[in-house]
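1. the sequence and its predicted three-dimensional model are supplied below.
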Amino acid sequence: GVLQVDGYSGYGKVCRELDIARIGCWDHARRKFVEAARGAAPQKGKSNKATPSKADVAVGKIGKLYAIERKIENLSESEKYTVRQELALPLLEDFKAWLETNQTKVPKDSPIFKAIQYSLNQWESLIAYCDYGFVHISNALAENAIRPFAVGRRNWLFADSSRGANASATCYSLIETAKANGLEPSSYIQYVLDHIADADTLEKLE
């Protein structure tokens, strides 16, 4: 019932057509602030000491959200939902106010402006993880799972049609799902091929 993705606009069409909720990824939002922080010049305060850049401040605020997630990692879905509503939402409201305040205080062609714009444009999907106890704060697990495919896709250009792409997606989904459940993929696929013909009822097939 949900699709957790980055800010690519094409995902919106998928969610509308399938009538599913779109969940944002805080890893993507955070990454833009990290990149902005790397290029930010040190700022001097009244005491002539270096003060954190706006990008550093944003990274710190996002870090508080991740700290909550580490604490509730082993809780049930309903408990995660409750904690996020009580602890994460106030932090998110504070962060949004900070984003809106600082949006007009930075150059429009700067990395920090682009990071702020991304977060504000994606805000509704970024805070949506608080509405579901079973989702994560980011889709990093999914991205890590497809990284082998992304790294090697130039070797697999034979999937040059929508049918070929669907077939590839099916194969990779089966393999990564097997790995995610602690199964050795080739043994799992071999087992399925050996036994699927014997499944003469829906229950046996499942």
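-> Great, that's in hand.
2. any weak-confidence spans in the chain?
-> 40-50, 153, 155-159 (pLDDT under 70).
3. tell me where it has strands.
-> For the chain, the strands defined by DSSP state E occupy 2-4, 21-23, 43-44, 50-51.
4. those strands: which one's closest to residue 90?
-> Using C-beta to C-beta as the measure, strand 21-23 is the one of the strands of the chain that comes nearest residue 90, at 19.7 Å. For every residue, glycine as well, the C-beta is placed using N, CA and C.
5. now do that closest one: everything it contacts.
-> With C-beta atoms under 8 Å, 6 or more residues apart in numbering as the test, strand 21-23 has contacts from 1-5, 11-12, 15, 125, 128-129, 131-132, 135, 139.
6. so where do the helices sit in the protein?
-> Applying DSSP state H to the chain gives helices spanning 10-18, 26-39, 54-71, 77-83, 89-102, 111-121, 123-126, 140-152, 162-180, 185-195, 202-205.
7. any chance of the strands of the chain in TSV with mean neighbour count as columns?
-> What follows is those, written out as TSV (neighbours: other C-beta atoms under 10 Å):
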stretch	mean neighbour count
strand 2-4	17
strand 21-23	18
strand 43-44	11
strand 50-51	12
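8. may I see those organised as TSV, with distance to residue 82 added?
-> Shown next, in TSV, are these (distance: least, C-beta to C-beta, whole Å):
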stretch	distance to residue 82
strand 2-4	19
strand 21-23	18
strand 43-44	39
strand 50-51	36
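9. can I get the helices of the chain in TSV with mean neighbour count?
-> Formatted as TSV, these follow (neighbours: other C-beta under 10 Å):
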stretch	mean neighbour count
helix 10-18	11
helix 26-39	18
helix 54-71	16
helix 77-83	15
helix 89-102	14
helix 111-121	19
helix 123-126	18
helix 140-152	12
helix 162-180	13
helix 185-195	12
helix 202-205	8
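10. so what's residue 7 up against?
-> 24, 28, 118, 121, 122, 125 are the contacts of residue 7 under C-beta under 8 Å, 6+ apart.
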